[in-house]
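Asks: based on what follows, work out the 3D shape:
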Amino acid sequence: MTYKKRLCEYIRYENKWLLILLFLSCVAGVVFSIFIPILQSNLINSVEAKTISIIQILIVVLLSFVAIFLVSFTSILTPILMLKFQNKIKYSLMQSVKYVSESFLSMAGTSGLYYGFGSISNDISFVAYPAILNISLSLLQVAVALFFLSKIYFVFLYLSLIIIFVYVGFVLLSQKTYANCIKKIREKEPQLYENAHLIFSNAGTITQFGNPEIFFGKFDKNLLELKQLNERAETFLQIQKVMLDILKAVSFVSFVLISIDGISKQTMSIGSLVLILAYIPILLQPLSKIQYFVKIKSWIAESEANYEEYRQNLFAVKLDTTKNSLSLNPNATLKLDNVCFSYEETKNEGEENA
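Replies: This is a model prediction of the structure:
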C-alpha cells in the first residue's frame, strides 16, 4: 500500500472530530504566526514614536500566549493520534498471529516477530502525523511572509526565493543517495535478525559441536555493514540539517545588512527590522518539514514492504494435520504390518586384534 492510499484509508476511518480539531488548530497557528510579528512590529514603532498604550501591549501579550497555546496543543494532539493509530495496527498484527504457519513462526521466532510488529506499527503510525497539512500551511505562510517582505524591500523577495530554491535543489539531488541507503538497510536487517535467531536458538549446539567463529563472524560482518549503512543515512540527514542552518545564518546576515542601510537612511523602521527577522524562521520552516516528510515517507514505505512481506508469508507453509497423522483417540491401537527389524553387531578394535 502506497503512502497516499494509506493516508486516505487513515482519514476515512479516523475520528473526524479529532481530525477537524487538528486542522483548525494548525490553521489558527498559521494565522497567529503570520500576524503576531506584524503586531509586535507596530508595537515597537509605537514605542519609538511614543504613542504606545497599555491596551496595545495587553493585546500583543495576550495573542502571543494564545499562539503559544495553539502550538503546544497541536504538538500534544499529534502524538496522541499517532499512538492511537500505532496501537490499532499493532493489535491487528497481534490478532493475525493465530493464523501464522508453524514454519514461519519457527523461522522468525517469537521475539523477532514481536519486534517486527512493533517496528511496522511504529513507522506506519507516522501516517497520522499531519505532514502534508503542515507543509501546505507552511507554504501558505511563506507566500504571505514574502508578500509583506516585498512591501518593505523588494530585494527580500528575490533573496528569499534564491535561498529556498538552493535548499530544495540540494535535497532533490541528494535524495537518491538516501533512498539507496534505506533500500540496502532493508535488505541487510532481515539477514542480521536471521543470523541472530540462528545463533540464539542453537547456542548450545554451536558452542559444543559447531564452529562458533563461522557463525559469529557472519553475524559481525552483517552487523558492521548495517552499522555503516545507518551511519551513511544519518550523515545524509545531518548534512541537510547543517545546510539548512547555514542558509538560516546567511538569511539573518543578509537581511540585517540590507536593513541597516534602510534604517540609517530612515527609509525603514526598527519595527520593520523586527518583522523581517521574525519572518526568517517562517520562510525556512517548510524546508525543514520537507526534509522530515521525505524521511518519514521512507520509514512508511519500508514498513509497508515489511508488512506486505509478512502477509505473503503468513499462510506460506501450513502443516497439514488432516492427513498422514495419528488418531487422537486414546483407545486406538497402532498396527504394524510387514515390518522387519535388523541390527548389525560391531566389534571393538581390541576384540578384532585378539
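Asks: residues in contact with the residue nearest the centre of the chain?
Replies: For the chain, the residue nearest the mean C-alpha position is Ile296 (3.4 Å; CA atoms, centre = their mean). Neighbour list for Ile296: 126, 129, 131 [criterion: CB atoms under 8 Å, 6 or more residues apart in numbering]. Every C-beta, even on glycine, is put in place using the N, C-alpha and C of the backbone.
Asks: what's the burial count for the last one?
Replies: Pointing back at Ala131 there. Per other CB atoms under 10 Å, the neighbour tally for Ala131 reads 22.
Asks: and what of the first one?
Replies: Phe126 is surrounded by 21 other residues when neighbours are defined as other CB under 10 Å.
Asks: the second one now?
Replies: Neighbourhood size, Tyr129 [other CB under 10 Å]: 18.
Asks: rewinding a little: and the contacts of Ile296 as TSV, adding pLDDT?
Replies: Output for these, formatted as TSV (pLDDT from 0 to 100):
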residue	pLDDT
Phe126	88
Tyr129	89
Ala131	85
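Asks: wait, which of the residues you listed is closest to Leu273?
Replies: Nearest to Leu273 among the contacts of Ile296 is Ala131, at 32.9 Å by CB to CB.
Asks: ok, that closest one to Phe65 distance?
Replies: 27 Å (CB to CB, to the nearest Å).
Asks: tell me which helix or strand comes right after the longest helix seen in the chain.
Replies: For the chain, the longest helix by residue count, based on DSSP state H, is helix 212-264. With elements assigned by DSSP states H and E, the helix or strand that comes after helix 212-264 is helix 270-314.
Asks: please enumerate the helices of this structure.
Replies: Along the chain, the segments classed as helices by DSSP H run 3-13, 16-49, 54-95, 102-108, 110-124, 131-152, 155-201, 203-208, 212-264, 270-314, 349-353.
Asks: low pLDDT regions in the stretch 1-150 of the chain?
Replies: Within the stretch 1-150 of the chain, the stretches with pLDDT under 70 are 101-112.
Asks: for the closest residue in space to Leu223 that isn't next to it in sequence, give me its contacts.
Replies: Using CB to CB, 6 or more residues apart in numbering and skipping the chain neighbours, the partner closest in space to Leu223 is Leu192 (6.1 Å). Applying CB under 8 Å, 6+ apart, we find Leu192 in contact with 219, 222-223, 226.
Asks: give me the number of residues near Tyr178?
Replies: 21.
Asks: could you do Asp220 as well?
Replies: 12.
Asks: likewise for Lys90?
Replies: Lys90 has 18 nearby residues by other CB under 10 Å.
Asks: likewise Lys241?
Replies: Neighbour count for Lys241, taken as other CB under 10 Å: 12.
Asks: now Lys50
Replies: Around Lys50 there are 6 residues (other CB under 10 Å).
Asks: distance of Lys289 relative to Phe154?
Replies: Between Lys289 and Phe154 the computed distance is 27 Å (CB to CB).
Asks: those two: which has the busier surroundings?
Replies: Remark: of Lys289 and Phe154, Lys289 carries more neighbours, 18 against 10, as counted by other CB under 10 Å.
Asks: who's in contact with that one?
Replies: Contacts here follow CB under 8 Å, 6+ apart; on that basis Lys289 touches 131, 134-135, 138.
Asks: those residues, buried ones only, as a ChimeraX selection?
Replies: Remark: buried members of the contacts of Lys289, expressed as a ChimeraX selection using 16 or more other CB atoms under 10 Å:
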select :131,134,135,138
